[in-house]
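Q: Sharing a model that was predicted from the sequence below.
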Amino acid sequence: MSVPVTAPSLYRNLKGVFAVHKHAGVTCSTLGNIILQKIVSDLGTYEQRPQKPMVKFVPRPGENNLLLDGKRRSKSSTIAERNLAMFNYVPANVDDLFDHPSVQGPRYSYEDFELTFGNMLDVLSSGIQLFGLQTTGKEMINSLSRLRFPRSYYLYGKFGLATTKFHNDAKVTERTTWDHISETKITRLLCMIQGSYRNAFIKSSNLDLDSQLAYEMASKGLLRPQTPTGPMIMDIKLHKLNPPDFVIDITCITESGQFLRKLIHEIGLELRSTAICTKVHCYRNAIFFDEDDSTFLIRELKADKLAEVMGKNNSNLISLFKEKRAVYFTASSALDEESNFPFQSNESVG
């Protein structure tokens, strides 16, 4: 996509899905307001649309009488003189001063944009936060939610402490030893956790596991719970261990920040100790990764770059949605079980 050179053309291209790095301690709504402020500010630096024209009657060139000079006519002037003076005006298009930016203010404001949140990271979490801009972005965010793409996190923990809210900023309630904890014990425990969730994950998909449909969906990683469930862990492993500090790599769906912090607490209890979560960082969300160039740092976000990246993201997401549908409906036609499919063909992709 060529870089727009005017504010109206740039505004028309500001639609779709994009990812921004969120820092811990910042709410999603605050981050959204900062993004809109930057977009509106950047649009104001580009060439704006011209003032709206208006039709105004102006004197004919070279004419000169009391009425044309703008002076009030005397009461003694005859009707004929007044009618003659009216014919000395011609219509012309002139700039409407009421539409001047000094009167109307900036051409673009917050009300010109519709911002939709994807995954809602809580205030204590950091990492990838998805946003949808305008109607196209809203529809794509909704499609991503229906497809229930997994998200991956790094959970930073510390053994030997317990707090009231499972994180390091809360009140400490207990101190324990952690010398007996080893990498082998942690790995064994995480395998047990993953196994228990995997069984529940498969059962909640409401599919016959011996069917061709289940095979097709499992081979493409598309099995998803179809009954209302809580958080589901798809993969969990030890990423780093430097006692008492450790890092867990976890992939899950329908999770929350509080669930992840409580999970660290429960891991500590299972290992005959205690643990607190010092940091929750989302490094992958669907096709968006922490280290991608398309994931913005808030200080580097510019309207022209945002429009360019959203164009690429929209193309990638549309291709992804088509691929997912192809798997569903290919298997469906073979088994004539379309009614059991989780996502229908009327899903909007913008």
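A: That came through fine. Numbering: from 1, shown residues only.
Q: Please make it C-alpha for all contacts and neighbour counts, starting now.
A: Fine.
Q: all helices for the protein, in order.
A: 7-13, 28-43, 79-86, 101-104, 134-147, 183-203, 212-219, 257-270, 303-335 (DSSP state H).
Q: Packing partners of the second one?
A: Helices and strands touching helix 28-43, as assessed by 3 or more Cα pairs under 8 Å, 6 or more residues apart in numbering; DSSP states H and E, comprise helix 7-13, helix 303-335.
Q: now the helices of the chain in a markdown table, with distance to residue 292 and mean pLDDT?
A: Shown next, in a markdown table, are those (distance: least, Cα to Cα, whole Å; pLDDT from 0 to 100):
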| stretch | distance to residue 292 | mean pLDDT |
| --- | --- | --- |
| helix 7-13 | 21 | 88 |
| helix 28-43 | 19 | 93 |
| helix 79-86 | 68 | 58 |
| helix 101-104 | 38 | 61 |
| helix 134-147 | 19 | 90 |
| helix 183-203 | 28 | 87 |
| helix 212-219 | 26 | 72 |
| helix 257-270 | 23 | 95 |
| helix 303-335 | 11 | 76 |
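Q: out of these, nearest to residue 122?
A: helix 257-270 (6.2 Å; Cα to Cα).
Q: Could you figure out how far that closest one is turned away from helix 183-203?
A: With axes from the mean of the first three to the mean of the last three Cα atoms, to 10 degrees as the basis, helix 257-270 and helix 183-203 are set at 130 degrees to each other.
Q: Report the buried residues of helix 257-270.
A: The neighbour-count check on helix 257-270 (16 or more other Cα atoms under 10 Å) flags 257-258, 260-268 as buried.
Q: now, which of those residues sits nearest residue 318?
A: residue 257 (29.0 Å).
Q: so that closest one makes contact with residue 126?
A: No: using Cα atoms under 8 Å, residue 257 makes no contact with residue 126, being 9.9 Å away.
Q: thinking again about what came up before, right, so of the helices of the chain, which gets closest to residue 20?
A: helix 28-43 (9.0 Å).
Q: and the closest one, which residues are buried?
A: Neighbour-count burial for helix 28-43 flags 28, 31-32, 35-36, 38-43 (criterion: 16+ other Cα under 10 Å).
Q: of the helices of the chain, which approaches residue 163 most closely?
A: When these are compared by Cα to Cα, helix 257-270 sits nearest residue 163, at 9.0 Å.
Q: Which strands and helices lie in contact with the closest one?
A: strand 151-159, strand 275-285.
Q: For it, give me every contacting residue.
A: Outside of helix 257-270, the residues that reach it under the criterion Cα atoms under 8 Å, 6 or more residues apart in numbering are 121-122, 124-125, 155, 157, 159, 162, 166-167, 189, 231, 274-277, 280.
Q: Likewise for stretch 284-298?
A: Stretch 284-298 is contacted from outside by 18-22, 35, 127-128, 144, 149-153, 282-283, 309, using Cα under 8 Å, 6+ apart.
Q: these two touch, right, residue 237 and residue 195?
A: No: assessed by Cα under 8 Å, residue 237 is found out of contact with residue 195, at 11.9 Å.
Q: now the most centrally placed residue in the chain, nearest residue through space, not along the chain?
A: In the chain, the centroid-proximal residue (Cα atoms, centre = their mean) is residue 131; its distance is 1.3 Å. Computed as Cα to Cα, 6 or more residues apart in numbering, the closest residue to residue 131 that is not its neighbour in sequence is residue 117, at 4.8 Å.
Q: Quick check: that neighbour touching residue 134?
A: No: counting by Cα under 8 Å, residue 117 stays clear of residue 134, with 11.3 Å between them.
Q: Mind listing the shared neighbours of these two?
A: With contacts defined as Cα under 8 Å, 6+ apart, no residue is adjacent to both residue 117 and residue 134.
Q: buried ones in stretch 288-304?
A: 288-290, 294-296, 301-304.
Q: Where does confidence bottom out across these?
A: Lowest pLDDT among the buried residues of stretch 288-304: residue 294, with 86.
Q: Ramachandran coordinates for that residue?
A: Main-chain torsions, residue 294, degrees, to the nearest 10: phi -80, psi -10.
Q: tell me the contacts of residue 190?
A: Residue 190 sits next to 236-238 when contact means Cα under 8 Å, 6+ apart.
Q: if you set the cut-off to 10 Å instead, what comes out?
A: Residues in contact with residue 190, defined by Cα atoms under 10 Å, 6 or more residues apart in numbering, are 184, 235-238, 248, 250, 267.
Q: And for residue 300?
A: Residue 300 sits next to 38, 306 when contact means Cα under 10 Å, 6+ apart.
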